[in-house]
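*Asks:* Curious how this folds, go ahead:
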Amino acid sequence: MTLTQSERRTYYTDGHVRKRLGEFLGGAFPDQGSAMYFAAGTEFASRHHDALPLEELPSWLDQGAELNRSLWDRESLICHLDIEYVNFDHPSYAFVNTERVFRLQQPVAAAVEDVLSAFGIAPLHLVTGRGHHFVWRVDQTSRAFAQLAALGHVPASLRHLYATALAPTGECVSPELGAAFAGLGVVMEFVAHQVKVRAAPGSGCGPGGSARTAAQCSCVRLGYFNRHTSGTNVIATA
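*Replies:* Alright, predicted model coming up:
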């Protein structure tokens, strides 16, 4: 179901929705979250490259805009594993055969939940029009965060980028957060391969069919912190 701009504006006025928005931003509605910034979009323009301070959130809600929060967070390391169906011969297939595509993804999504659960992780599981998103956070004061920082390697060029002002507030990425981000990328590659092994027996994707298809694990954490956060994809073909 797609909401109109007016319907989204009304939806955002609900007290329960605003409380949940505050939680998603890492604090209290509207501008006390730990998220470094958010991005907005409307029917007329996508502004996902524009990093906006949380103080501007109410005005965008009044416009009925669609919202995205930054993965960069002041208190946590945000982890995001994206599962989607990819058909290299027929790119539009996922949009015209939605039920079959989600059936094909189900073994992969179940494998993700199994792997994460084995490590005591209970992610926020979101579903979009073409796949699944698993999101969780690692507290920056935790032992796990310190271990990820010790594991990660940040090249000199990236350390220089992190030392420049990247956020709307002028804040920079700390050396510890940058290193933990890199360490998380290594761990997420391992997770993606574990998912591939578990999902392979039950998945209908991969070589041998009429088209080149894959259930793709996109480890969003393999990119770097900036206003155009990108990721490196690990293909989980079964």
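*Asks:* Report all helices and strands that the helix ranked longest in the chain contacts.
*Replies:* Ranked by residue count, the top helix of the chain under DSSP state H comes out as helix 175-199. Based on contacts counted as 3 or more CB pairs under 8 Å, 6 or more residues apart in numbering; DSSP states H and E, the elements that helix 175-199 packs against are strand 76-87, helix 98-118, helix 143-151, helix 156-162, strand 213-219, strand 232-236. Placement of C-beta: from N, CA and C, glycine included.
*Asks:* so where is this protein shaky, pLDDT-wise?
*Replies:* 1, 30-31, 202-238 (pLDDT under 70).
*Asks:* domains of the protein?
*Replies:* The chain is divided into the following domains under automatic domain parsing: 5-69, 76-236.
*Asks:* how big is the angle separating the longest helix of the chain from strand 76-87?
*Replies:* 40 degrees (axes from the mean of the first three to the mean of the last three CA atoms, to 10 degrees).
*Asks:* So which bits of helix 175-199 are buried?
*Replies:* Neighbour-count burial for helix 175-199, counted by 16 or more other CB atoms under 10 Å, picks out 176-185, 187-189, 191-192, 194-196, 198-199.
*Asks:* ok, the residue positioned nearest the centre of the chain to S34 distance?
*Replies:* The residue lying closest to the centre of the chain (CA atoms, centre = their mean) is H80, at 3.9 Å. Applying CB to CB, to the nearest Å, the value for H80 to S34 is 16 Å.
*Asks:* now swap in T13 and tell me
*Replies:* For T13, the distance to S34 - CB to CB - is 24 Å.
*Asks:* Pick out whichever of these two has more residues nearby.
*Replies:* Taking other CB atoms under 10 Å, T13 and S34 do not tie; S34 has more neighbours (18 against 10).
*Asks:* Spit out the contact partners of F119.
*Replies:* For F119, the contact set (CB atoms under 8 Å, 6 or more residues apart in numbering) is empty.
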